[in-house]
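Trainee: Quick one, what's the 3D model for this:
(chains A, B, C, D, E, F, G, H, I and J)
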Number of protein chains: 10
Amino acid sequence: MLFHVEMTVKLPPDMPADQAAEIKSREKAYAQELQRQGKWRHLWRVAGSYSNISIFDVEDNAELQDLVSNLPLFPWMAISVKPLCRHPSTIREDDT
Amino acid sequence: MLFHVEMTVKLPPDMPADQAAEIKSREKAYAQELQRQGKWRHLWRVAGSYSNISIFDVEDNAELQDLVSNLPLFPWMAISVKPLCRHPSTIREDDT
Amino acid sequence: MLFHVEMTVKLPPDMPADQAAEIKSREKAYAQELQRQGKWRHLWRVAGSYSNISIFDVEDNAELQDLVSNLPLFPWMAISVKPLCRHPSTIREDDT
Amino acid sequence: MLFHVEMTVKLPPDMPADQAAEIKSREKAYAQELQRQGKWRHLWRVAGSYSNISIFDVEDNAELQDLVSNLPLFPWMAISVKPLCRHPSTIREDDT
Amino acid sequence: MLFHVEMTVKLPPDMPADQAAEIKSREKAYAQELQRQGKWRHLWRVAGSYSNISIFDVEDNAELQDLVSNLPLFPWMAISVKPLCRHPSTIREDDT
Amino acid sequence: MLFHVEMTVKLPPDMPADQAAEIKSREKAYAQELQRQGKWRHLWRVAGSYSNISIFDVEDNAELQDLVSNLPLFPWMAISVKPLCRHPSTIREDDT
Amino acid sequence: MLFHVEMTVKLPPDMPADQAAEIKSREKAYAQELQRQGKWRHLWRVAGSYSNISIFDVEDNAELQDLVSNLPLFPWMAISVKPLCRHPSTIREDDT
Amino acid sequence: MLFHVEMTVKLPPDMPADQAAEIKSREKAYAQELQRQGKWRHLWRVAGSYSNISIFDVEDNAELQDLVSNLPLFPWMAISVKPLCRHPSTIREDDT
Amino acid sequence: MLFHVEMTVKLPPDMPADQAAEIKSREKAYAQELQRQGKWRHLWRVAGSYSNISIFDVEDNAELQDLVSNLPLFPWMAISVKPLCRHPSTIREDDT
Amino acid sequence: MLFHVEMTVKLPPDMPADQAAEIKSREKAYAQELQRQGKWRHLWRVAGSYSNISIFDVEDNAELQDLVSNLPLFPWMAISVKPLCRHPSTIREDDT
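Mentor: Residues are numbered from 1 along each chain as shown, chains lettered A, B, ... in the order given. This next block holds a predicted model:
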């Protein structure tokens, strides 16, 4: 089941550089692990911003909550979620 | 080059049924043709709405304008556009 | 799987009375049938408005889209959807 | 008498971990006590967020104010309230 | 129990004058009857607008919904509701 | 002359408790003095919030500014003001 | 007593030209008469819009409501009102 | 050439009193000097707020930017600007 | 003197095609004449919309109002205006 | 390919003066270098604000992201991006 998630990162500019680097490093590892598992289907940067557009593929709402709330950057992000489903005009077999 | 496009359809409820059906039929044919050409990469319905989330893959801004403004439902849609690019944490080769 | 749905009805005041009555009658029958099936778990009026707060219990996003987009009042409603899941502090067994 | 309450928690990310844990622990105990008393009827997490949707069942507006303003997380929450009443299409006997 | 209600009237300027006059006449009679019953405690015009600020005194949310939704101008009004209660700094005995 | 004033208090949660108590104590004394003078006609808590709805009765705009800007909590409040006047449907003699 | 009033005119583009001309002619005569009386102190066009910024000088809120609600264009305008008073840094004697 | 400028001051409540006093003193001197030069034509307080409405009379956009950005309170203000011009219904000779 | 103007066209979809074509034709001629005169310096389409971003070069606010309010599409456009001036970091001689 | 970028700087007023000066100096050098390369085509100050309107000319979305995210002031700016393309009414050859 697919969800559209938009995340905007708002790290305070005066956060110590090594703290920021450590959080971002964990975020990257986490994001790549979820991509390898097939749960984080798409991940794009919105050009000219510190935001991303993501498509998650999860079992249910509870798994979405679990994955998103464990993002290392979660406390510094504004997040909006939209549930997705198959569009009647799509030609793809698998809705990905 | 990818663009994130969100479209919300606002057809007046008192539009004659055959007129609405004719416009929607042309919209579907147009959307499927662009998908076959690879220009309309993803098309999802936002559940519980008359909106879709789409990913377009175009040569440049001008082609995006050309494709979107020729949508048969264009005069009845609210549309927002976001340019996308590769995210530093993606593991996909082709940014799709 | 639960979804929180808020619906606000915006019928044009000059709609003929019998047309409005017919649509509302079908809406009521539809809402009651979904409640009997257990899919429309809760339905409350927001006091002082023509809005309701509803909790749907569906298989997945696709079923939510199917149920909501078939509401007889769908073309005249503003609708917002929020996916729900179990709260860590709840004491209920079944999240209802 | 029912009220729909949406709460969004905004704890500063740099709050000391034990202080945050202590506040959340009191919040949980308080929420569970009110649920046992039947005053906090429903409590759901909004998936992908640090928000909840709650239904309170109180004597009057004054009791609502008393219960909400004593939430341990109250100083760190954005809260919106909507009064609810029986919907004419509901099939439940007790409006819960 | 008190509620703060703000109502903004949006009659279409091309409504026939006698139809508008008839609706407003019924609205006035209804408002004055509720004031005489003590249910519509206060009624002020917001200067420079076609809005009013009202304080209702009702048994519960259901009565508020009943009174407001039967306003003759209800289909042409934007309405917002806030539940009120006694303020800890008030010196009045009866919260009116 | 009446004004509708809505005030929302936003004290930082980490303000020392005695400082907050001292400011609130002065606020309460100030509010009660203005009520006794008849200048602060009504004062209600909005249930479920740290906001109030107030009706001021002043000589002119300048007195409103004087009274409001001297509130001890003024630096921590978001305030909105609406001028009021007699409503053509009111049945009260004194517009209070 | 001064009030800041911003008015934005929204005449439907398909209003018959002579009807629009007749309303605007009455609006102009009304505005000029109030200026001659000293009640409409300032009247500026916001460049690039169909809006104006006005300063009214009235006895009280009730007179403001009387003057504004009798504007011939009142049914087609969005209007916002702000009460003004003397600024502590002004050097003018008469606050005009 | 006239511009409408609305300024809202947002000084942090915990700024040391003498620092705030020093900034405000410079702001007042600056505002009065510009008024004497005829460049700051009108200056009103919005009653019940820490905002002002100002009318500037400048040579061009560049002078407006120069005057506004040198306000001692500039770093703590939210500012909105609207270009003004003569209104076709004004009866004043000099648009002031 | 430069102004940034953003225009969004909102023609009703049911406007007769020849009426729409006639208005757009006049709009195009008008826009091209102003460009030839050097008053409409830049004109870009916002991709994926029926909006444009324009830079006007005018004598003063009054000329801006004159040019914009005479746009054939003016009654069907939402327009926002921002005054521009030289940026301290620009390397261009003429601010164009 | 052109993009319209609006940037609003929000430096904290209590940032040490030399730190602010150093960041702004780097920003200026960076902006001027990109202008010399032809990538930052236009740069205007919005009068009465700490905002600019810029036109970038880049190869694709990825280059836009690269240029914008490397702005020395990036962590302190609110930025909005709009893709631009040739307008059918322009008379310029090169869309600049």
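Trainee: The strand or helix carrying residue A:45 pairs with which strands, and in what direction?
Mentor: In this structure, residue A:45 sits in strand A:40-46 according to DSSP states H and E. Taking DSSP bridges as the criterion, strand A:40-46 sits next to strand A:51-57 (antiparallel), strand B:77-86 (antiparallel) in its sheet.
Trainee: Residue A:68 and residue D:48 touch, don't they?
Mentor: Yes. With the criterion set as C-beta atoms under 8 Å, residue A:68 and residue D:48 qualify as a contacting pair; they are 4.5 Å apart. Any C-beta I mention is one placed from the backbone N, CA and C, and that applies to glycine too.
Trainee: The two: which has the busier surroundings?
Mentor: Using other C-beta atoms under 10 Å in any protein chain shown as the criterion, residue A:68 and residue D:48 rank with residue D:48 on top: 26 against 22.
Trainee: Residues in a beta bridge with the residue nearest to the more buried one when sequence neighbours are not counted, which ones?
Mentor: Residue nearest to residue D:48 in three dimensions, not counting chain neighbours: residue A:81, with 3.9 Å by C-beta to C-beta, 6 or more residues apart in numbering or on different chains. When bridges are assigned using DSSP bridges, the partners listed for residue A:81 are residue A:5.
Trainee: List the buried residues for the longest helix along chain A?
Mentor: Using DSSP state H to assign secondary structure, the helix with the most residues in chain A is helix A:17-36. Neighbour counts using 16 or more other C-beta atoms under 10 Å in any protein chain shown place A:23, A:24, A:27, A:30, A:31, A:34, A:35 of helix A:17-36 among the buried residues.
Trainee: ok, so what distance separates residue A:38 from residue A:3?
Mentor: Taking C-beta to C-beta, to the nearest Å as the measure, residue A:38 falls 14 Å from residue A:3.
Trainee: before we move on, back to that, contacts made by the strand holding residue A:45 with the rest, please.
Mentor: Defining contact as C-beta atoms under 8 Å, 6 or more residues apart in numbering or on different chains, one finds that strand A:40-46 is touched by A:2, A:6, A:31, A:34-35, A:51-57, A:67, A:96, B:2, B:4, B:42, B:82-90, B:92, B:95-96, J:65.
Trainee: so the residue nearest to residue D:48 sits right up against residue A:67, yeah?
Mentor: No. Contact status for residue A:81 versus residue A:67: not in contact, 11.2 Å apart, counting by C-beta under 8 Å.
Trainee: What average pLDDT does the strand holding residue A:45 get?
Mentor: Strand A:40-46 shows an average pLDDT of 97 in the prediction.
Trainee: now it and helix A:17-36, what's the angle there?
Mentor: Taking axes from the mean of the first three to the mean of the last three C-alpha atoms, to 10 degrees, one finds that strand A:40-46 is oriented at 140 degrees with respect to helix A:17-36.
Trainee: export strand A:40-46 as CSV, just CAs?
Mentor: Output for strand A:40-46, consisting of C-alpha atoms alone and laid out as CSV, is shown next (Å, rounded to 0.1, in the frame of the first residue of the first chain):
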residue,chain,number,x,y,z
TRP,A,40,10.8,3.3,0.6
ARG,A,41,10.0,3.0,-3.1
HIS,A,42,11.0,6.5,-4.4
LEU,A,43,13.0,9.3,-2.9
TRP,A,44,13.5,12.6,-4.8
ARG,A,45,14.9,16.0,-3.8
VAL,A,46,12.7,19.0,-4.5
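Trainee: For the residue of chain A found nearest chain G, which three-state class applies?
Mentor: When distances are taken as C-beta to the nearest C-beta, chain A approaches chain G most closely through residue A:48, which lies 26.8 Å from it. Classification of residue A:48 into helix, strand or coil gives coil, according to DSSP: H, G, I helix; E, B strand; the rest coil.
Trainee: Enumerate every residue touching it.
Mentor: Residue A:48 sits next to B:83, J:3, J:5, J:64, J:65, J:68, J:69, J:79, J:81 when contact means C-beta under 8 Å, 6+ apart.
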